[in-house]
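Enquirer: Quick one: sequence plus predicted model below, questions after.
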Amino acid sequence: MMTILYEVHSGLYVNMTNKCPCACTFCLRQEKDHVGNSDSLWLEREPTVEEVKNEFEKYDLSKYKEIVFCGYGEPTERLDDILIICDWLKRKNCPPIRINTNGMADLINGRATAPEFKDRIDVVSISLNTPEKDRFFELTRCKFGESSFDAMLKFAGEVKNYVGKVVLTTVETTITKEEEEKCAEICRKLGVDYRIRPFE
């Protein structure tokens, strides 16, 4: 059995792909194959849209504070399928939908994706990691190269016009207080929220 849906705290998380354009030096999946009480998040194959819907039918969605597209891969590698599932979930009066992303949706899909998030995704959480472009590439080892940092910021600035909330995050203890202030300034200029999340 593949783990498609799994619970973390008060959220129901969706694991649809293991593909990712980044190979982050700090990625959790290098250390273990699960999160919380989930089974392995490594997929034998990517589940179809119908398989994901069938998994959702097994859960009482009213129990959860949010639905989160976040597994052992970059969710926007399957953006078209995610949007279909979001449309379906919204018709079921689901809790708010969040997507945790590296912000590379435009580069992955070869188009401006932000408008497609409207009325589908409620919160977009993007991994900022560092305020420095060269350091970002050093940490993420993104296949799109050093332009990936600018693409991520561009996406953040655009998607805020289509969703209720955009949050850029860094991980506690991984950068200095001075760097955190620089990250906060980037977020202020973009008009998005900044969150320092605990190291897990």
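Expert: Everything's here; your move.
Enquirer: all contacts plus neighbour counts: C-alpha atoms, from now on.
Expert: Will do.
Enquirer: remind me which residues of this structure are low pLDDT?
Expert: Across the chain, residues meeting the criterion (pLDDT under 70) sit at 29-32, 199-200.
Enquirer: So in it, which strand runs the longest?
Expert: When the chain is scanned for its longest strand (criterion: DSSP state E), the result is strand 165-171.
Enquirer: Mind exporting the C-alpha coordinates of that one to CSV?
Expert: Taking Å, rounded to 0.1, in the frame of the first residue of the first chain, the C-alpha atoms of strand 165-171 are listed here in CSV:
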residue,chain,number,x,y,z
LYS,A,165,-2.2,33.9,2.3
VAL,A,166,1.4,33.5,1.2
VAL,A,167,4.2,32.6,3.7
LEU,A,168,7.9,32.4,3.0
THR,A,169,9.7,30.2,5.6
THR,A,170,13.2,29.6,6.9
VAL,A,171,14.2,26.9,9.4
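Enquirer: next one: the helix or strand following it to chain centre, how far?
Expert: Proceeding N to C from strand 165-171, the next assigned helix or strand is helix 177-190, under DSSP states H and E. Going by CA atoms, centre = their mean, to the nearest Å, the spacing between the C-alpha centre of helix 177-190 and its chain's C-alpha centre is 20 Å.
Enquirer: what angle do helix 177-190 and strand 165-171 make?
Expert: Between the direction of helix 177-190 and that of strand 165-171, the angle (axes from the mean of the first three to the mean of the last three CA atoms, to 10 degrees) works out to 170 degrees.
Enquirer: What is helix 177-190 packed up against?
Expert: On a contact count with 3 or more CA pairs under 8 Å, 6 or more residues apart in numbering; DSSP states H and E, helix 177-190 meets helix 147-159, strand 193-197.
Enquirer: Redo those as TSV? Include mean neighbour count and distance to residue 179.
Expert: Rendered in TSV, the data for the helices and strands packed on helix 177-190 read as follows (neighbours: other CA atoms under 10 Å; distance: least, CA to CA, whole Å):
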stretch	mean neighbour count	distance to residue 179
helix 147-159	19	16
strand 193-197	16	11
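Enquirer: Same list, these, but as CSV with distance to residue 101 please.
Expert: Formatted as CSV, the entries for these read as follows, by distance: least, CA to CA, whole Å:
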stretch, distance to residue 101
helix 147-159, 10
strand 193-197, 14
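Enquirer: the helices in this structure, which residues?
Expert: If DSSP state H is used as the criterion, the helices of the chain fall at 49-56, 79-90, 105-109, 133-140, 147-159, 177-190.
Enquirer: packing partners for the fourth one?
Expert: Helix 133-140 is packed against helix 147-159, with contacts defined by 3+ CA pairs under 8 Å, 6+ apart.
Enquirer: what's the helix it packs on packed up against?
Expert: When contacts are defined as 3+ CA pairs under 8 Å, 6+ apart, helix 147-159 packs onto helix 105-109, helix 133-140, helix 177-190.
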